[in-house]
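1. A structural model of the following input is requested.
(chains A and B)
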Amino acid sequence: MEIFSWILTIATIVAIYSIMGLALNIQFGYTNLPNFGIAGFFAVGAYASAILTAPHRFREMEIFAGFPGGIPGRVEAPFIIGLLVAIVLAAFVAFLIGIPLLRLREDYLAVASIGIAEAIHYIALNELWLTTGSAGIRLIPMPTGNRYLFFLLVLLLLAIAFWVAQRFYHAPVGRVWRGVREDELITSSLGKSVFSARMWAWVVGCAMMGAAGSLWAHYAMAIQPGEFVPTTTFLVWIFVIVGGLRNNWGILIGAVLIIGFFEQGTRFLPDLGAPYIMPALRLIIIGLALILFIRFRPQGAIPERARAIEEHI
Amino acid sequence: MEDLLGYGLLTFATLALPSLGLCLAIKVTKYFNLTYGDVITAGAFLALLFNLSFGLNLVWALIISMALTALLGVILHKVIFKPLMDMGVGPLTLLVVSLGAGFIIRNLILIGWGPQPYQFAIPLARAKHFGPFFLTPNQIIIILVCLLVAAGIFLMLRYTQLGRLMRATSDNPELSEIRGISIERVYVYTWIIACALAAMGGIFMGILGTIKSGMGIGVLVTIFACLIVGGIDNPYGAVFGALIIAFAMEATAIWLSPPYKMLTAYLLMVIILLVKPSGLLGGEKIQWKYFLGFLRSRQS
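-> Alright, predicted model coming up:
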């Protein structure tokens, strides 16, 4: 029974990460927008949901911990409100950030989005009245009460995200996105607005990351700023690249392989002397895997399917 | 006001050399290398190894660390980036790979030294008044060395054969190759200079503060902010950007709130990207149309 509960934990985490992988696929795989600020949008979603749904009891604890006046704005909203606000807020932040950033060349965008994620991390760390800083937010309710039902809920949202991602791939708007990816000049010469295509892909992807953040907050039941660091972003990137960029099935398989078997599956190995050594070794091997994959199999485990012209029409 | 001048100059001294090195690397190799932040950390930890573990004088530790870090940069280039560049992958793929390489270096350092912060074995000194500044002698030396090295790099770029080769390669790689320049050699020399500067910057950060395995990646984004503010293809711009970012950060720390130093740097970066994407000392004139460009693109 213990092993079953362990597999359930891993499966839930894999499903939450898969949603972020699908979101990155919409942004980078479809539209060529390298988002290195995944952790930032993940944090926006997680904090929005946590602040809205954490119980009132929490405020008294914070007064005790030395925050006079507690944390304003606790509303004890139900989970569904938290999730919706997380999605909308992540999309809104993405929209605001997108106005300056999406005009940039891809590599500038990558660097600038790292800065944005770090900025969000600093805000979460320092705006004590809103996020309680490094203490984090605890006692976030798990909406279904038990972990089996919550796993089913996460699976449902993953299925929706997968459907959305597949739908966008085949829809006309997805075709414009892929056109932007391949050649911006030709796409704009066909009368499509490159900027608006990039903005839509960016906002849709970031909204999905916000949803993943909300699920994470409710699953872990406690969040703190230290979780939303570049390592999270890096993990999503690595499994998207290993699994097969631009192919949604490949991303699911990459998430199972990298997050499931490697990142979470090795969690209970003995910790070679100090608690930080195993995670560090794991990241070293994941970094090596990334370099080797890009060197020897750049299209990933499952590449994008080449489609005949008739299928497009 | 005096505080601002002193601290601003100190922050400038830690940011200027790595900015200059990364600017040269980006200018010549034409991609953003995110391993650079962890090369800074590696430089600081190599100096720590010789200074603390082997008991060497910090000046010797600095020189040895600069040499070893330059070697590390060349190895990284030859083993990881050169084969990929030969395959003809784009700058974005190289950026992703450099992120992976950075993770490898950072976690190797984490395994070697653990997560706790370290300090160099240097004697404590009392701050004195030097004209308008209130600084310790070490800090004065750091500022002077930083200015001298930056000036030396500028002279090297302008007047030596290597500087001409680097400028030619960055302007037009194909033409340079046709004219008989070995681009690969220019890349190697660029990485040697860039990584030696990174080590120096990392050691300065260590002298002024502490050394941790995660210090590089945090500072890397600030360095990119310096480059974008100053103009990413202009070495003078890199140093100028470092000056602006350093003073903006310290002004925030003094008059607003110390944790928001970084936010000021990112905010400046975003503003510059909006108003003049090529940076203050970069290519074109200021393009005010970017301000309302978004609204216009919605209408069209």
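2. Just the element for A:Asn32, please.
-> Of the helices and strands defined by DSSP states H and E, none includes A:Asn32.
3. Disregarding flanking residues, what is the spatial nearest neighbour of it?
-> Distances taken as CB to CB, 6 or more residues apart in numbering or on different chains put A:Arg181 closest to A:Asn32, at 4.1 Å, once the chain neighbours are dropped. C-beta coordinates here come from the backbone N, C-alpha and C atoms, glycine included.
4. Show the contacting residues for the one you found.
-> A:Tyr30, A:Thr31, A:Asn32 (CB atoms under 8 Å, 6 or more residues apart in numbering or on different chains).
5. and stretch B:236-252 with chain A, contact?
-> No. For stretch B:236-252, no contact with chain A is found by CB under 8 Å from any CB of the partner chain; the gap never falls below 11.7 Å.
6. just the contacts of A:Arg181 now: which is nearest B:Pro132?
-> Nearest to B:Pro132 out of these is A:Asn32 (CB to CB; 50.5 Å).
7. interface residues of the stretch 51-200 of chain A facing chain B?
-> Near chain B, when you scan the stretch 51-200 of chain A using CB under 8 Å from any CB, you find A:99-101, A:103-104, A:106-108, A:110-112, A:114-116, A:118-119, A:122-123, A:125-126, A:193, A:195-196.
8. what residue ranges in the stretch 51-200 of chain A score low on pLDDT?
-> A:56-75 (pLDDT under 70).
9. hmm, 50 instead?
-> A:64, A:68-70, A:72-73 (pLDDT under 50).
10. Against A:Thr12, how distant is A:Leu149?
-> Using CB to CB, to the nearest Å, we find A:Leu149 at a distance of 11 Å from A:Thr12.
11. For residue 115, which three-state class applies?
-> Defaulting to chain A. helix (DSSP: H, G, I helix; E, B strand; the rest coil).
12. The intended chain is chain B.
-> Under three-state DSSP, B:Pro115 comes out as coil.
13. quick one, phi/psi of it?
-> Per-residue torsions, B:Pro115: phi -80, psi -10 (degrees, to the nearest 10).
14. same question, the one 5 residues further on
-> According to degrees, to the nearest 10, the main-chain angles of B:Phe120 amount to phi -70, psi 150.
15. Ok, A:Ser193 next?
-> phi -80, psi 110.
16. Next, count neighbours for it.
-> Look at A:Ser193: counted by other CB atoms under 10 Å in any protein chain shown, it has 17 neighbours.
17. and what of B:Ala242?
-> By other CB under 10 Å, neighbour count at B:Ala242 equals 31.
18. what helix or strand is it on?
-> According to DSSP H and E, B:Ala242 maps onto helix B:235-255.
19. same thing with A:Ala112?
-> Judged by DSSP H and E, A:Ala112 forms part of helix A:106-126.
20. Any of the residues of the stretch 51-200 of chain A next to chain B buried? List them.
-> A:99-101, A:103-104, A:107-108, A:110-112, A:114-116, A:118-119, A:122-123, A:125-126, A:193, A:195-196 (16 or more other CB atoms under 10 Å in any protein chain shown).
21. you'd agree B:Val239 is up against B:Leu22?
-> No. Proximity of B:Val239 to B:Leu22 does not meet the contact threshold set by CB atoms under 8 Å, at 11.7 Å.
22. ok so, going back, for the helix holding B:Ala242, buried residues please.
-> B:235, B:237-253.
23. Counting by contacts, list what that helix packs against.
-> Here helix B:235-255 touches helix B:2-29, helix B:137-159, helix B:215-230, helix B:261-275, going by 3 or more CB pairs under 8 Å, 6 or more residues apart in numbering or on different chains; DSSP states H and E.
24. Keeping just the C-alphas, turn it into CSV.
-> The C-alpha atoms that make up helix B:235-255 are tabulated as CSV, following Å, rounded to 0.1, in the frame of the first residue of the first chain:
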residue,chain,number,x,y,z
PRO,B,235,32.2,47.0,-25.1
TYR,B,236,32.1,50.7,-24.0
GLY,B,237,28.3,50.2,-23.6
ALA,B,238,28.8,47.2,-21.3
VAL,B,239,30.9,49.3,-18.9
PHE,B,240,28.6,52.3,-19.2
GLY,B,241,25.6,50.0,-18.5
ALA,B,242,27.3,48.5,-15.5
LEU,B,243,27.8,52.1,-14.2
ILE,B,244,24.1,53.0,-14.7
ILE,B,245,22.8,49.7,-13.2
ALA,B,246,25.2,49.9,-10.3
PHE,B,247,24.2,53.4,-9.3
ALA,B,248,20.5,52.7,-9.9
MET,B,249,20.7,49.6,-7.7
GLU,B,250,22.5,51.4,-4.8
ALA,B,251,20.2,54.3,-5.0
THR,B,252,17.3,51.9,-4.6
ALA,B,253,19.0,50.2,-1.7
ILE,B,254,19.6,53.6,0.1
TRP,B,255,16.3,55.4,-0.6
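25. Thanks a lot, catch you later.
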